[in-house]
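Q: Quick one: sequence plus predicted model below, questions after.
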Amino acid sequence: MDAYTQHEIRHAELIREADKERLAAQARKARRESLDQETEGRVTFRPWRLRHPRTV
């Protein structure tokens, strides 16, 4: 196997990894947006201390 073929294989692997990361980022973004729609109008940030005052 010559160096060019190895380079092509490596390049294809890098592209596949980048695609996987891009898809994961899209999924995270979509999930965050759907969560934003669900919790619209509600306060999302509630620290542990406010929820459980006795444990702190």
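A: Yep, it's here.
Q: which intervals of the protein have sub-threshold pLDDT?
A: Along the chain, segments meeting pLDDT under 70 span 38-44, 46, 55-56.
Q: for it, which helix is longest?
A: helix 3-38 (DSSP state H).
Q: next one: it to chain centre, how far?
A: Remark: helix 3-38 is offset 10 Å from the chain centroid, using C-alpha atoms, centre = their mean, to the nearest Å.
Q: after it, next one along is what?
A: Scanning forward in sequence from helix 3-38 by DSSP states H and E, the next helix or strand is helix 48-51.
Q: which parts of that next one are buried?
A: Neighbour counts over helix 48-51 (16 or more other C-beta atoms under 10 Å) mark no residue as buried. C-beta: built from backbone N, CA, C; applies to glycine.
Q: tally of neighbours for residue 24?
A: Neighbour count of residue 24, defined by other C-beta atoms under 10 Å: 10.
Q: repeat for residue 23
A: Counted with other C-beta under 10 Å, the neighbours of residue 23 add up to 10.
Q: and if you look at residue 5?
A: If you count neighbours by other C-beta under 10 Å, residue 5 ends up with 9.
Q: what does residue 31 give?
A: By other C-beta under 10 Å, the residues close to residue 31 number 10.
Q: Residue 27 now?
A: By other C-beta under 10 Å, 10 other residues sit near residue 27.
Q: going forward can the numbers begin at 57, since that is how I track them
A: Happy to do that; since the first residue is 57 now, the last one works out to residue 83.
Q: Quick check: the gap between it and residue 90.
A: Distance of residue 83 to residue 90, given as C-beta to C-beta, to the nearest Å: 11 Å.
Q: same thing with residue 65?
A: Using C-beta to C-beta, one gets 38 Å for the distance from residue 65 to residue 90.
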